[in-house]
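Engineer: I would like to see how this sequence folds:
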Amino acid sequence: MAKFDMPTTRDQIRVIDVDTHLTEPHDLWSSRAPADYVDRLPKVADVDGRPHWVLDGETLGFATASGVVRPDGSKALGTEFMGWTIDQVHPGAYDMDARLEVMDQVGIHAQIIYPNLAGFGSQKFGQIEDVELKRLCVSVYNDAMAEIQENSGERLFPMGLIPWWDIEGSLAESERIVDLGLRGIVMCSDPQLRGLPDLGEDAWRPMWEFCCDHELPVNFHIGASESSMGWFGTSPWPSQGDDEKLAIGSAMMYLTNARVLANLIFSGVLERHPTLKIVSVESGVGWIPFVLESLDYQMEQLRTDVQAQFSLSPSEYFRRQMYGCYWFEDLSPDKLINQVGPDNVLFETDFPHPTCLYPYGLAQATDALSDVGEDVARKVLQDNAAELYKIAV
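Structural biologist: Numbering: from 1, shown residues only. I've put the predicted structure just below:
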């Protein structure tokens with residue numbers, strides 16, 4: 001097959017980066033809070049001479065920069081970034097005008113944006129006791145994200161948070177997310193850990209129906225629950241050094257989304273809601289063919305009456321309704337893209353997190369796609385994400 005050379009102009013392929021993160025500005029909530037909640041919603045305050053996020057008088061932790069790119073554009077390695085404050089990270093992490101400049105420099109047309117402070121599945125907000133306070137944590141964040149999207153000229157697309165600890169509230173906020181013009185939602189993968197029905201139970205049916213009716217993708221970012229973040233911390237052996245623990249925990253966390261996809265398939269959620277779109281974010285694609293083959297085999301081992309509940313095999317459900325995202329992988333896109341599905345693969349950079357491809361993300365992406373042909377590369381870099389998130393290209 002002929003090698004694919006990346007077009008040199010954005011008019012030919014407008015690359016969409018489907019996983020980046022926002023280092024939340026310190027006044028994101030306080031500048032938009034109702035008067036009675038200015039001092040209760042998340043804000044940054046000095047604690048023992050260091051900036052910390054504070055919520056309702058309780059310290060959440062050090063107000064880290066949540067990024068590894070220095071202001072001069074160089075990238076820190078290892079755990080050095082963990083001690084940075086927001087003034088030590090590249091402005092593109094928190095200032096969206098600077099983010100657009102970075103995107104122009106590296107050749108990215110549009111980005112999908114995920115949170116940091118709330119947790120990648122908004123799981124941290126679910127731990128708050130005050131019902132109205134945690135609802136406001138979500139709604140104020142979403143208001144700010146709608147402003148980012150509008151001010152970016154429709155190039156930055158933050159995903160909306162939902163109050164997953166309240167199913168009726170989640171439906172109401174999803175309606176508001178649609179009204180705000182946001183293009184997808186962030187989902188916690190394990191609400192049952194907080195006493196709610198798991199995502200396969202009928203209680204969530206109205207939520208899935210709404211997402212289908214409004215073509216709202218449901219995004220499961222790795223680390224989207226207390227259990228998967230626990231895996232990040234517990235997978236390295238205690239004797240490992242801090243840098244080694246970061247490397248092992250990061251790599252192992254990619255695989256936690258395999259259980260999310262498996263549960264969604266075997267719970268019948270995709271069978272009952274055939275137009276529901278699910279995105280496995282920041283988990284890579286190399287493991288997907290093996291897991292699907294394994295799930296196909298296991299489905300064949302079910303009793304025939306149980307098999308009868310499913311009209312498709314797990315791999316067929318995936319191709320119909322699910323997406324994987326790749327970034328650093330060289331082998332997987334080239335060798336396995338047909339097994340995953342050319343229509344089911346998206347591209348990401350994870351800017352500005354530790355595993356981000358910055359500043360060579362686009363070069364690495366195109367190298368990995370060099371043997372797939374221009375039509376497939378266009379799908380992966382542009383068309384699949386444009387269709388899924390309704391992004392004009």
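
Engineer: Can you show me the helices along the stretch 1-150 of the chain?
Structural biologist: 96-106, 131-151 (DSSP state H, counting those that start in this stretch).

Engineer: okay, those helices, which one's buried deepest?
Structural biologist: helix 131-151 (a mean of 19; mean count of other CB atoms under 10 Å). Yep, even glycine has a C-beta here, placed from its N, CA and C like the rest.

Engineer: Phi first, then psi, for the nearest residue to Trp84 once chain neighbours are set aside.
Structural biologist: Nearest residue to Trp84 in three dimensions, chain neighbours excluded: Ala65, at 3.9 Å (CB to CB, 6 or more residues apart in numbering). Backbone torsions for Ala65, taken as degrees, to the nearest 10, come to phi -70, psi -20.

Engineer: so what's Ala65 up against?
Structural biologist: Thr23, Phe81, Trp84, Thr85, Ile86, Gln88, Val89, Ala93 (CB atoms under 8 Å, 6 or more residues apart in numbering).

Engineer: Can you tell me how far it is from Asp130?
Structural biologist: 28 Å (CB to CB, to the nearest Å).

Engineer: now swap in Glu58 and tell me
Structural biologist: 11 Å.

Engineer: Show me which of these two is the more surrounded one.
Structural biologist: Asp130 (13 against 8; other CB atoms under 10 Å).

Engineer: was I right about the more buried one contacting Leu55?
Structural biologist: No: in this structure, Asp130 is not within contact of Leu55 by CB atoms under 8 Å, at 9.8 Å.

Engineer: which ones are touching the residue nearest to Pro91 when sequence neighbours are not counted?
Structural biologist: In this structure, Pro91 finds its nearest non-sequential neighbour in Ala98, 3.7 Å apart by CB to CB, 6+ apart. With contacts defined as CB under 8 Å, 6+ apart, Ala98 is in contact with His90, Pro91, Gly92.

Engineer: how about the contacts of Ala65 in a markdown table, adding neighbour count?
Structural biologist: As requested, the contacts of Ala65 are exported to a markdown table (neighbours: other CB atoms under 10 Å):
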| residue | neighbour count |
| --- | --- |
| Thr23 | 25 |
| Phe81 | 22 |
| Trp84 | 20 |
| Thr85 | 14 |
| Ile86 | 20 |
| Gln88 | 15 |
| Val89 | 22 |
| Ala93 | 27 |
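
Engineer: and whichever strand or helix holds Ala363 with helix 96-106, angle?
Structural biologist: Here Ala363 sits within helix 361-368, counting by DSSP states H and E. For helix 361-368 against helix 96-106, the angle by axes from the mean of the first three to the mean of the last three CA atoms, to 10 degrees is 40 degrees.

Engineer: Counting by contacts, list what helix 361-368 packs against.
Structural biologist: helix 331-340 (3 or more CB pairs under 8 Å, 6 or more residues apart in numbering; DSSP states H and E).

Engineer: Check which residues of stretch 26-46 are buried.
Structural biologist: For stretch 26-46, the neighbour count (16 or more other CB atoms under 10 Å) marks His26, Leu28, Trp29, Ser30, Arg32, Ala33, Tyr37, Arg40, Leu41, Pro42, Lys43, Val44 as buried.

Engineer: quick one, what contacts the fourth one?
Structural biologist: Counting by CB under 8 Å, 6+ apart, Ser30 makes contact with Val38, Leu41, Pro42, Lys43.

Engineer: Spatially nearest residue to the last one (excluding sequence neighbours)?
Structural biologist: The one in question is Lys43. Nearest one to Lys43, counting by CB to CB, 6+ apart, is Ser30 at 4.5 Å.

Engineer: cool, and Pro51?
Structural biologist: Ala63 (4.1 Å).

Engineer: what about the protein, any weak spots by pLDDT?
Structural biologist: 1-11, 228-232 (pLDDT under 70).

Engineer: go again using 80 as the cut-off
Structural biologist: Applying pLDDT under 80 to the chain picks out residues 1-11, 226-233, 235, 331-335, 360-361.

Engineer: Secondary structure class of Gly324, three-state.
Structural biologist: The local conformation at Gly324, judged by DSSP: H, G, I helix; E, B strand; the rest coil, is strand.

Engineer: Show me what it is bridged to.
Structural biologist: Taking DSSP bridges as the rule, Gly324 bridges to Ser280, Val345.

Engineer: and it, what is it in contact with?
Structural biologist: Ser280, Ser283, Gly284, Val285, Ile288, Val340, Asn344, Val345, Leu346.

Engineer: can you do 7 Å?
Structural biologist: By CB atoms under 7 Å, 6 or more residues apart in numbering, the contact list for Gly324 reads Ser280, Ser283, Val285, Ile288, Val340, Asn344, Val345.

Engineer: returning to that earlier point: and the residue nearest to Pro51, how many neighbours?
Structural biologist: 24.

Engineer: any idea how far it is from Asp367?
Structural biologist: Ala63 is 37 Å from Asp367, by CB to CB.

Engineer: in the stretch 251-393 of the chain, which spans are strands?
Structural biologist: Secondary structure of the stretch 251-393 of the chain (DSSP state E, counting those that start in this stretch): strands at 278-281, 322-326, 345-347.

Engineer: Rebuild those as a markdown table, extending it with distance to Val260.
Structural biologist: As requested, those are exported to a markdown table (distance: least, CB to CB, whole Å):
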| stretch | distance to Val260 |
| --- | --- |
| strand 278-281 | 7 |
| strand 322-326 | 10 |
| strand 345-347 | 16 |
